[in-house]
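Q: coords please:
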Amino acid sequence: MTHSSHPLPRRAAGSRSRAPRAGTTDPPPQLPALADLRAALNRCRRCALWREATQGVPGEGAPHAPLMLVGEQPGDSEDLAGHPFVGPAGALLDRALAAAGIERRSTYVTNAVKHFKFEQRGKRRLHMKPSIHEIAACNGWLLEELRLVRPKLVLALGASAARGLLGRTVTIASLRGKPVPLNDTTHAWVTIHPSYLLRMPEEGQRRAELQRFTDELQEVRRWLHAHGA
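A: Numbering: from 1, shown residues only. Okay, here's the model as predicted:
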């Protein structure tokens, strides 16, 4: 996917625009269009993650994509670039999508949490898993994306994404590969996050799991075709 360049916003402290208050899980105001999401995220104060992150990272892709992919949160690369899935996990996702016959530009790709949560170790920023509170605080933005895109299928990449979509803690093993109704028009499908593959130390196991993930994406493509997408 070709990413347009955006100025790198630094935290919008002192902004005169109204922002969702800290700690709230109330729905944010409805957005007129997906193009308004970036500015809204950079005003958001629903949790404390905005304080250390460079910027909020909205989803990107086809505005009415039949397939939405939801990850956990932006990583270091995404936080700096302002775009989702542009780091190592994104490269692996692109590889698997292409092998499965799915064009990334035909999908909408986002995260359950829109700001990077990390621990500083020297010059490195190490990923930290978002809390249940942070997932809940950010859920209104994900629901806005779902409302505006109206996908037929949402692929939850990992347990945090599944939590954000389903509103409860689930295990990947219990739901993987089983489309479940999310609302009247959309199903959810739970699978692994590509970063899980990157953490595997054994190359043979990593190749096998990548093939399984690719096969699953092919099943996703067949499901969408069977449902008129």
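Q: and Q120, bridged to which residues?
A: According to DSSP bridges, the partner residues bridging Q120 are R125.
Q: How much space separates it from S131?
A: As judged by CB to CB, to the nearest Å, Q120 and S131 stand 18 Å apart. The way it works is simple: take the backbone N, C-alpha and C, and place the C-beta from them, glycine included.
Q: Let me see the contact set for L146.
A: Contacts here follow CB atoms under 8 Å, 6 or more residues apart in numbering; on that basis L146 touches 68, 154, 182-183, 186.
Q: With respect to pLDDT, which of those residues ranks lowest?
A: When the contacts of L146 are compared on pLDDT, N183 comes out lowest, with 91.
Q: Number of residues surrounding that one?
A: Residues lying near N183 (other CB atoms under 10 Å) number 12.
Q: Report the separation between it and Y196.
A: When CB to CB is applied, the distance between N183 and Y196 equals 27 Å.
Q: which stretches of this structure form helices?
A: Residue ranges of the helices in the chain, as given by DSSP state H, are 37-43, 76-81, 88-99, 132-149, 159-166, 172-175, 194-198, 203-226.
Q: what's the farthest-apart pair in the contacts of L146?
A: Distance extremes for the contacts of L146: the farthest pair is M68 and N183 at 12.6 Å, using CB to CB.
Q: pLDDT at P20, what is it?
A: For P20, pLDDT reads 55.
Q: repeat for N139
A: Looking at N139, its pLDDT is 96.
Q: Please give me every residue in contact with the closest residue in space to it that isn't next to it in sequence.
A: Nearest residue to N139 in three dimensions, chain neighbours excluded: G164, at 5.6 Å (CB to CB, 6 or more residues apart in numbering). Neighbouring residues of G164 by CB under 8 Å, 6+ apart: 70, 112-113, 135, 138-139, 142, 156.
Q: Same check on L197?
A: 92, 206, 209-210, 213.
Q: What are the buried residues along stretch 221-229?
A: Of the residues in stretch 221-229, those buried by neighbour count under the rule 16 or more other CB atoms under 10 Å are 221, 223-224.
Q: State the mean pLDDT of it.
A: 95.
Q: hmm, back to that, need the max-distance pair from the contacts of G164.
A: Using CB to CB, the contacts of G164 reach their maximum pairwise distance at C138 and A156, which is 14.4 Å.
Q: now the residue positioned nearest the centre of the chain, nearest residue through space, not along the chain?
A: Centre of the chain computed as the mean C-alpha position; nearest residue by CA atoms, centre = their mean is N111, 1.8 Å away. Distances taken as CB to CB, 6+ apart place G71 nearest to N111, at 4.6 Å, with adjacent residues excluded.
Q: distance of the one you found from G61?
A: Taking CB to CB as the criterion, G71 is separated from G61 by 13 Å.
Q: Find the residues that touch each one of those two.
A: Both G71 and G61 are contacted by V109, under the criterion CB under 8 Å, 6+ apart.
Q: Compare those two (neighbour count), which wins?
A: G71 (28 against 21).
Q: quick one: the more buried one and L157 touch, right?
A: Yes. Counting by CB atoms under 8 Å, G71 touches L157, with 4.7 Å between them.
Q: Determine the residues that are contacts of both of those two.
A: With the criterion set as CB under 8 Å, 6+ apart, the overlap between the contacts of G71 and L157 is H193.
Q: can you redo the contacts of G164 as CSV with distance to I172?
A: As requested, the contacts of G164 are exported to CSV (distance: CB to CB, whole Å):
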residue, distance to I172
V70, 13
A112, 14
V113, 18
I135, 16
C138, 20
N139, 19
L142, 18
A156, 9
